[in-house]
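Chemist: Okay, here's the prediction I keep looking at, along with the sequence it came from:
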Amino acid sequence: MAVNIEDVKRLKNLTGVGLTDAKRALEETNGDYDAALEAMRKKGLTKAEKRGEREARAGVIGTYNHDNRIGVLVEVNCETDFVARNDLFKDLVKDLSMHIAAMNPAYLNQESIPKEDKLKIEKQFLEAAQDNKKSAEITSKIVEGQISKYFSERCLLDQPFVKNPDQTVADLVKDHAARLGENIVVRRFERMAVGEIN
């Protein structure tokens, strides 16, 4: 089946693949652009997950200042200086900085949560759930769900991305890794706001 050359170009530009791969994807889906895009995205994300094992030591430290009242520093790493200078990578770092300013995450990811923080929150939810008159098993599941929700709202990588709440920050990073062809890691961040004391 002949495919529309404009769709091929559009798919190429959006995914960062070559013209031949974009054309092949459209041929495999009988010219269905959305299906081809989804197939390319899945393929790219699979490759990106495999790349996740490669070392990312290049990158940039992004900054964002909102009204001279909120400041953010974020370190985002990639594998090469070439990608670190790429506009798509720079846009990702800028978006992450703005997201951190807006959403004020407390932790990078689940693994970075201190054990004492987890125990403290677990104790709070357990105490609150003792009056619910449900079985211990159900109470345990409710508390587990509350703890999971509490921390996912406070972990940068688990938060819904502020510009597209249908996508988590982790998915945004993976998507960019797929498009840029390198492992991308959000290493650390710091957010400061006037008058706030951590």
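Modeler: Looks like it arrived, so ask away. Small disclaimer: the values here were computed from a predicted structure and weren't measured.
Chemist: Look up how far Phe82 lies from Asp7.
Modeler: Counting by CB to CB, to the nearest Å, the separation of Asp7 from Phe82 is 29 Å. Yep, even glycine has a C-beta here, placed from its N, CA and C like the rest.
Chemist: Looking at these two, which one has more neighbours?
Modeler: Each of Asp7 and Phe82 had its neighbours counted (other CB atoms under 10 Å), and the higher figure belongs to Asp7 (18 against 12).
Chemist: Regarding Gly195, what is its secondary structure?
Modeler: Secondary structure state of Gly195, per DSSP: H, G, I helix; E, B strand; the rest coil, is coil.
Chemist: My error: substitute Phe89 in the last question.
Modeler: Applying three-state DSSP to Phe89 yields a three-state assignment of helix.
Chemist: In this structure it contacts Arg179, no?
Modeler: No - contact between Phe89 and Arg179 fails when scored by CB atoms under 8 Å: they sit 9.5 Å apart.
Chemist: in the sheet, who's paired with Leu73?
Modeler: In this structure, Leu73 has the following beta-bridge partners (DSSP bridges): Thr63, Glu190.
Chemist: could we number from 22 for the rest of this?
Modeler: With the count now opening at 22, the last piece we talked about shows up as Leu94.
Chemist: wait, what's in contact with it?
Modeler: Under the criterion of CB atoms under 8 Å, 6 or more residues apart in numbering, the neighbours of Leu94 are 82-84, 118, 210-211.
Chemist: Now do the same for it: its pLDDT.
Modeler: Looking at Leu94, its pLDDT stands at 96.
Chemist: Quick check: the gap between it and Phe210.
Modeler: For Leu94, the distance to Phe210 - CB to CB - is 7 Å.
Chemist: State the distance from the residue lying farthest from the centre of the chain to Arg31.
Modeler: No residue in the chain has its C-alpha farther from the mean C-alpha position than Lys154, which lies at 38.6 Å (CA atoms, centre = their mean). Computed with CB to CB, the distance linking Lys154 and Arg31 is 58 Å.
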